[in-house]
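> sequence first, then the predicted structure, then my questions.
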Amino acid sequence: MEIDKPQNIEGIAKLDEAEAGTSAAGKRLRVDPTVDGKAAPWVEKYRPKTLDDVAAHKDIIDTIRRLTRENRLPHLLLYGPPGTGKTSTILAVARQIYGKALQNMTLELNASDERGIDVVRQQIQDFASTRSVYSNTFKLVILDECDAMTKDAQFALRRVIEKYTRNTRFCLICNYVIKIIPALQSRCTRFRFPPLDPEHVRLRLEHVVEQEGVKMGPGGVDALITLGAGDMRRSLNILQSAHMAFDAVDGDAVYLCTGSPMPRDIEAVVNWLLNEDFNEAFQRILQLQVDKGIALVDIVRELHPWLFNIQALGPPHVRVALCEKLADIEYRLAYGTSERLQLGSLVAAFSLARDEIVAAAE
Ligand SMILES: Nc1ncnc2c1ncn2[C@@H]1O[C@H](COP(=O)(O)OP(=O)(O)OP(=O)(O)O)[C@@H](O)[C@H]1O
Ligand SMILES: [Mg+2]
């Protein structure tokens, strides 16, 4: 018997009420600028509504669709890097299963909610322990970003999951599966959401471009795909910012908008590192950073793929050593060390590599 109040969890409530448009909250949400209207972030506006809208991950979507259709949904653990559609997928599943009863049948908790051991014990138990009068299907508890849950809460969840399996399914979502205790992992069917492949990102971006009437320029979509690196949220956010800042979204607009070094800047850096003497290379890169506001860590990150393409690097150990040094520099920069010193280290690494190449050629 349904005795608990509807769990008015953000997102779930929003989606349901906005769709039904009947409740007072629903009316209020219709003009919510975060979901609809011109100022809406496109990531939310174009969040997949159904499983068919979810780009890529065909195997996962097919499997989940089949399990849902046969009413055999197991506990799920969806994991993978940000912006790959984990939350969107489970929300689409919930819509498909519950339709308008979504709000009553689904509890979503994410990292912004209090999720210590007490919450697991009480809020989830309160929700999971009641049966629905509307239907005899199971309820769904979505624990988003659950890699941020405390270990104690995760241990408490083990028992809760088992206790309420009869009428409740749990969907755990996280970026780092390693942070989920093995006992929880073994209770769930795991699906990994890898970064989206470029072709699917392209199709989705083209859809948004068409819907929003964005004027694109040469290299625009390619730059969005490259900088997004499989994170659809990131690509969409950059597209929206670039569209607001520039008349036409071309390659340069995208790079300028994100403050990322352009491919031609990196080409110049590679040239200086390989051909100029130490001082000259150091000064030129420093000047480039000042002129364009580029962080050294971005240069280092972009240099990495170049290492695999430069033919003139001589014997393999030179490339290996450079790769290691780039990784060290990135690590040190992540700890907030001096950019200037690390730039010196970068130029030095290439200087040594050049000596090795010359020695090998003699
Ligand atoms: N597979 C996809 N198909 C279509 N759009 C997607 C896909 N993945 C992500 N997006 C877009 O990116 C936005 C964010 O996706 P979502 O919230 O599902 O990511 P996530 O995997 O849960 O990321 P995080 O780990 O950061 O929570 C969506 O609103 C949607 O616009
Ligand atoms: Mg998410």
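On my side now, so go ahead. What you are looking at is a predicted structure, and each value in this text was computed from that prediction instead of being measured. Ligands and ions are numbered 1, 2, ... in the order given.
> quick one: pLDDT of Glu19?
Note on Glu19: pLDDT of 40.
> now do the one 4 residues further on
Note for Ser23: predicted pLDDT of 35.
> what's the answer for Ala94, then?
pLDDT, read off for Ala94, is 92.
> need the contact list for it.
Contact analysis of Ala94 by C-beta atoms under 8 Å, 6 or more residues apart in numbering lists Ile12, Leu102, Met105, Thr106, Leu140, Ile142. (Glycine included, C-beta is placed from N, CA and C.)
> for this protein, what helix or strand is lowest in average pLDDT?
Sorting the helices and strands of the chain by mean pLDDT, DSSP states H and E puts helix 24-30 at the bottom, at a mean of 30.
> and the longest helix anywhere in the chain, average pLDDT?
Ordering each helix of the chain by length in residues (DSSP state H) puts helix 339-361 first. Helix 339-361 comes out with an average pLDDT of 92.
> spell out which parts of this structure neighbour ligand 1.
43-44, 46-48, 54-57, 82-88, 175, 193, 196, 204, 232-233, 236 (C-beta under 6 Å from any ligand atom).
> of these, buried ones?
Those of the residues of the chain next to ligand 1 that meet the buried threshold are 43, 46-48, 54-57, 83-88, 175, 193, 196, 204, 232-233, 236, by 16 or more other C-beta atoms under 10 Å.
> sorry, back to before: let's have the contacts of Ala94 in TSV, adding secondary structure, pLDDT and distance to Gly251.
Shown next, in TSV, are the contacts of Ala94 (DSSP: H, G, I helix; E, B strand; the rest coil; pLDDT from 0 to 100; distance: C-beta to C-beta, whole Å):
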residue	secondary structure	pLDDT	distance to Gly251
Ile12	helix	43	39
Leu102	helix	85	41
Met105	helix	89	46
Thr106	strand	91	42
Leu140	strand	92	43
Ile142	strand	93	38
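> may I ask which of the residues you listed has the most neighbours?
Counting neighbours by other C-beta atoms under 10 Å, Thr106 leads the contacts of Ala94 with 28 neighbours.
> show me the domain layout of this protein.
Residue ranges for each domain of the chain read 12-192, 213-258, 263-361, as given by automatic domain parsing.
> my guess is Glu162 meets Ser186, correct?
No. Between Glu162 and Ser186 there is no contact under C-beta atoms under 8 Å: 11.5 Å.
> apart from its chain neighbours, what residue comes closest to Asp144?
Nearest-residue entry for Asp144: Asn110, 3.9 Å, with adjacent residues in sequence omitted and distances by C-beta to C-beta, 6 or more residues apart in numbering.
> residues contacting the one you found?
Residues counted as contacts of Asn110 (C-beta under 8 Å, 6+ apart) are Leu143, Asp144, Glu145.
> neighbouring contacts of stretch 343-354?
Stretch 343-354 is contacted from outside by 273-274, 278, 281-282, 285-286, 289, 296, 299-300, 313, 318, 321-322, 325-326, 328-329, 332, using C-beta under 8 Å, 6+ apart.
> what subset of these is buried?
273, 281-282, 285-286, 289, 296, 299-300, 313, 318, 322, 325-326, 329, 332.
> mind listing which of the residues you listed are in helices?
Residues of these located in helices (DSSP H): 273, 281-282, 285-286, 289, 296, 299-300, 318, 322, 325-326, 329, 332.
> following element in sequence after the least confident helix or strand of the chain, please.
Going down the chain from helix 24-30, the next helix or strand is helix 42-45, by DSSP states H and E.
> report the mean confidence score over that following helix.
Helix 42-45 carries an average pLDDT of 93.
> and it, what does it pack against?
Helix 42-45 is packed against helix 232-245, with contacts defined by 3 or more C-beta pairs under 8 Å, 6 or more residues apart in numbering; DSSP states H and E.
> what does the helix or strand following the helix it packs on rub up against?
Next along the chain after helix 232-245, taking DSSP H and E as the criterion, comes helix 251-258. Applying C-beta under 8 Å, 6+ apart, the contact partners of helix 251-258 are 217-220, 222-224, 227, 238-239, 241-242, 245-246, 261-262.
> just the CA atoms of helix 251-258, as PDB, please.
What follows is helix 251-258, C-alpha atoms only, in PDB (Å, rounded to 0.1, in the frame of the first residue of the first chain):
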ATOM      1  CA  GLY A 251      37.300  25.800 -35.700                       C
ATOM      2  CA  ASP A 252      39.000  29.000 -34.400                       C
ATOM      3  CA  ALA A 253      35.900  30.100 -32.500                       C
ATOM      4  CA  VAL A 254      35.700  26.800 -30.700                       C
ATOM      5  CA  TYR A 255      39.300  26.800 -29.600                       C
ATOM      6  CA  LEU A 256      39.200  30.500 -28.600                       C
ATOM      7  CA  CYS A 257      36.100  30.000 -26.700                       C
ATOM      8  CA  THR A 258      37.600  27.200 -24.500                       C
END
